[in-house]
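>>> please find the sequence and the predicted model below.
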Amino acid sequence: MRARRRAYARGWLRSQQLEVPVVVIGNLNVGGSGKTPLAIWLVTQLRAAGYQPGVVLRGYGGAAARARLALRVEPDSDPVQVGDEALLLRRRTDEPVAVCRDRVRAANLLLAEGVDVIVADDGLQHLALARNFEIAVIDGERGFGNGYLLPAGPLREPPGRLASVDAVVVNGEGRYWRELAAAGGAGRATERSAVVAGPGRPFTMRLRGERLAPLGGGNAVIALSSLAGQRVHALAGIGNPERFFAQLRAAGLEVIEHAFPDHHRYRADDLAFEDALPLLMTEKDAVKCSAFGGRHRWYLPVTAEFAAAEGAALLGRLCRALETPNRAIAGD
């Protein structure tokens with residue numbers, strides 16, 4: 001990544017400038033950190049501010065990404081083709097979404113639809129797309145793991161990369177974030193300096209989910225709290241399954257965990273258990289399992305939330321950046 005950034009900074013490789021401003025959401029870690037709920041929040045806020053946003057992403061796990069195809073995502077698209085996250089974004093935002101390994105090609109599909117700002121989900125390392133604003137998301141529980149780069153650790157880039165982004169969003173006030181805020185040791189103090197060096201104090205995001213929706217569709221939602229004290233099967237094929245399991249336990253449920261790899265392609269057998277206990281899953285899993293609906297099978301939609309002042313500050317910083325030209329990629 002350092003070599004690639006230098007190549008872009010020196011003009012050996014060129015970032016593509018779009019006709020509209022670009023907001024990039026990403027993280028330094030592999031695995032889930034909360035980027036997709038943040039993308040949904042941003043699209044909603046931009047629409048309320050008078051913009052016509054569209055979303056581009058790779059479509060990880062879908063056939064289009066493997067074949068290097070650029071596809072528009074529709075509410076009834078096949079997640080096998082476009083990927084689970086892309087379909088979730090299309091359904092939750094009701095705004096144009098396109099997938100392609102080349103985000104520039106994906107964005108060009110949306111420009112004809114009247115889109116006037118592009119949100120790139122998981123695009124922090126996709127330097128071919130010029131951007132106006134970068135947001136890095138950190139998991140407040142897992143943080144940077146052991147602090148090592150791949151393959152020794154979970155990092156795509158060193159924590160120092162945060163100094164060049166425009167905003168840092170911490171998902172949840174978990175153990176890592178509490179330690180980082182206190183900066184109780186030399187290692188944590190160094191990481192804290194990296195987090196706040198460029199964009200200033202991070203914004204805290206929380207994921208709220210209180211109502212379960214039926215897997216087979218319909219309006220018969222129930223409160224998550226109505227299952228408090230009950231044993232349930234919990235299924236998660238996401239980057240950090242433990243976050244989902246912990247959320248259910250915090251609501252008072254007795255959880256039987258079933259963790260699958262991220263972007264897992266489910267079969268009916270994966271949801272088949274000998275007992276009649278309720279089965280709960282994430283919304284990202286549900287877009288691939290709608291054909292397996294039935295009694296006592298539910299999914300939990302979550303919504304990103306910020307304190308009012310923090311949300312307004314983040315949106316204000318973002319909207320000001322959208323009025324400025326796309327910036328060049330900085331080298332070391």
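Good, I have the coordinates.
>>> would you mind identifying the next helix or strand past the one helix or strand in the chain whose mean pLDDT sits lowest?
Lowest by mean pLDDT, DSSP states H and E among the helices and strands of the chain is helix 186-196, with a mean of 63. Next along the chain after helix 186-196, taking DSSP states H and E as the criterion, comes strand 203-208.
>>> could you report the pLDDT at Asp285?
The model reports Asp285 with a pLDDT of 96.
>>> nearest spatial neighbour of it, chain-adjacent residues omitted?
Closest residue in space to Asp285, ignoring its immediate chain neighbours: Gly237 at 5.4 Å, by C-beta to C-beta, 6 or more residues apart in numbering. To be clear about C-beta, it is placed using only N, CA and C from the backbone, and glycine gets the same treatment.
>>> hmm, who's touching stretch 75-83?
The list of residues contacting stretch 75-83 from outside it, by C-beta atoms under 8 Å, 6 or more residues apart in numbering, reads 57-65, 71, 73, 86-87, 90-91, 99, 263, 265, 287-288.
>>> any of the residues you listed buried? List them.
For the contacts of stretch 75-83, a burial check counting by 16 or more other C-beta atoms under 10 Å picks out 57-62, 64-65, 71, 73, 86-87, 90-91, 99, 263, 287-288.
>>> so which of those residues are in strands?
57, 71, 73, 99 (DSSP state E).
>>> tell me how far the ends of stretch 7-18 are from each other?
20 Å (C-alpha to C-alpha, to the nearest Å).
>>> follow-up on the earlier one: closest to Gly216 among the ones in strands among the buried ones among the contacts of stretch 75-83?
Checking these against Gly216 by C-beta to C-beta gives Val73 as the nearest, at 21.8 Å.
>>> run a quick neighbour tally on the residue nearest to Asp285.
Applying other C-beta atoms under 10 Å, we find 24 residues neighbouring Gly237.
>>> isn't it right up against Phe260?
Yes. Look at Gly237 against Phe260 with C-beta atoms under 8 Å: they come within range, at 3.6 Å.
>>> shared neighbours of the two, anything?
Counting by C-beta under 8 Å, 6+ apart, the residues touching both Gly237 and Phe260 are Tyr266.
>>> which residues touch Met205?
Neighbours of Met205 in contact, by C-beta under 8 Å, 6+ apart: 34, 37-38, 41, 137, 169-172, 304-306.
>>> one more: Tyr176?
Listed by C-beta under 8 Å, 6+ apart, the contact set of Tyr176 reads 138-144.
>>> now swap in Ala223 and tell me
Ala223 neighbours (C-beta under 8 Å, 6+ apart): 210-212.
>>> again, 6 Å this time
Ala223 makes contacts with Arg211, as judged by C-beta atoms under 6 Å, 6 or more residues apart in numbering.
>>> ok, Gly174 next?
By C-beta under 6 Å, 6+ apart, the contact set of Gly174 is 140-141.
>>> how near is it to Arg231?
Distance of Gly174 to Arg231, computed by C-beta to C-beta, to the nearest Å: 25 Å.
>>> residue contacts, the residue sitting nearest the centre point of the chain?
Residue closest to the mean C-alpha point of the chain, counted by C-alpha atoms, centre = their mean, is Lys35 at 1.9 Å. Shown in contact with Lys35 (C-beta under 6 Å, 6+ apart): 25, 121-122, 137.
>>> and the furthest pair within the ones in strands among the buried ones among the contacts of stretch 75-83?
The span of these, defined through C-beta to C-beta, is set by Leu57 and Leu71 at 11.2 Å.
>>> okay, and the common contacts of the two?
Common contacts of Leu57 and Leu71 (C-beta under 6 Å, 6+ apart): Val99.
>>> by neighbours, which of the contacts of Met205 wins?
Neighbour counts for the contacts of Met205 peak at Val137, which has 28 neighbours (criterion: other C-beta under 10 Å).
>>> contacting residues around that one?
Applying C-beta under 6 Å, 6+ apart, the residues near Val137 are 27, 33-35, 169, 171.
>>> show me where the stretch 201-332 of the chain has strands.
When secondary structure is read from DSSP state E, counting those that start in this stretch, the stretch 201-332 of the chain shows strands at 203-208, 211-214, 222-223, 231-236, 254-259, 279-282, 297-300, 303-305.
>>> cool, thanks, signing off.
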